[in-house]
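**Q** what's the 3D shape of this:
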Amino acid sequence: MAANIDLLIQKMCDKQEEEAYNYADQLAEIGGEEVLNKLVEILKGEDIESAYLAARALSAMEDNQEALEPLLEVIHDHKNKMKNGTFVQALEGFDLSSKFVDVLRIYLFGNFKASFLAKEYLDYTEFDITPRVIRKAEKHWNHYQNNSKQDESFEIKKQEVEEILADLQAMFGEED
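**A** This is a model prediction of the structure:
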């Protein structure tokens, strides 16, 4: 089985392979800890195309929650800022309920595709919200406000985020 997994990974990462995504899908079907660990290693590697395929496979796997933190690290890595949309898309295969602040950060600081996808997650995911989560979100919102160009895009995000934060604060009354 291990040799089969290694062969699928090799084919998935082969630049000449036209059906590489099929191998990623096969790895997702096999699943398990060994596949997850090998895919996370590829996800964190230097080859962006292989990392995208690893993210695809991880997203489609069952019992993949262990890969969520490494995926978020790759998404938040500044070197991937302009090419992380495909990684953000892979988040759809994970339970994001405890990752409100991470998703908000992607919305605020991501490129167009990443930000768009993060907004979808913000709108349609049921998050576990606590006063602490709200404070962390406000911290990132303040950082964004102080370090962003105040253009039309900023105004749209400002309206959206202030609405989201107001709704969240209303859940806890004036306890803060």
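**Q** C-alpha only now, for contacts and for neighbours.
**A** Noted.
**Q** checking the residue nearest the centre of the chain next. Helix, strand or coil?
**A** Central residue of the chain (C-alpha atoms, centre = their mean): Val88, 3.9 Å from the mean position. Here Val88 is helix, with the state taken from DSSP: H, G, I helix; E, B strand; the rest coil.
**Q** identify the residues contacting it.
**A** Ile75, Ala114, Leu117, Ala118 (C-alpha atoms under 8 Å, 6 or more residues apart in numbering).
**Q** relative to Ile5, how far out is it?
**A** 25 Å (C-alpha to C-alpha, to the nearest Å).
**Q** counting by contacts, list what the longest helix seen in the chain packs against.
**A** Longest helix of the chain, by residue count under DSSP state H: helix 152-171. Packed against helix 152-171, as judged by 3 or more C-alpha pairs under 8 Å, 6 or more residues apart in numbering; DSSP states H and E, are the following elements: helix 131-146.
**Q** how much space between His78 and Tyr121?
**A** 21 Å.
**Q** cool, Gln16 as well?
**A** 34 Å.
**Q** more neighbours: which of those two?
**A** More crowded of Gln16 and Tyr121, by other C-alpha atoms under 10 Å: Tyr121, with 22 against 9.
**Q** shouldn't Ile42 be in contact with Tyr52?
**A** No. Counting by C-alpha atoms under 8 Å, Ile42 stays clear of Tyr52, with 9.0 Å between them.
**Q** pLDDT below threshold where in this protein?
**A** Where the chain drops to pLDDT under 70, the residues are 174-176.
**Q** Lys99 - how many residues pack around it?
**A** Lys99: 19 neighbours (other C-alpha under 10 Å).
**Q** swap that for Trp141, sorry
**A** So Trp141, with other C-alpha under 10 Å, has 22 neighbours.
**Q** measure it to Lys99 for me?
**A** Taking C-alpha to C-alpha, one finds Trp141 at 15 Å from Lys99.
**Q** over to Gln26?
**A** Distance from Gln26 to Lys99, by C-alpha to C-alpha: 28 Å.
**Q** all helices of this protein, in order?
**A** 2-13, 20-30, 32-43, 48-60, 68-76, 85-90, 100-109, 112-124, 131-146, 152-171.
**Q** ok, and which of those helices has the densest surroundings?
**A** Of all these, helix 48-60 carries the top mean neighbour count, a mean of 25, counting by mean count of other C-alpha atoms under 10 Å.
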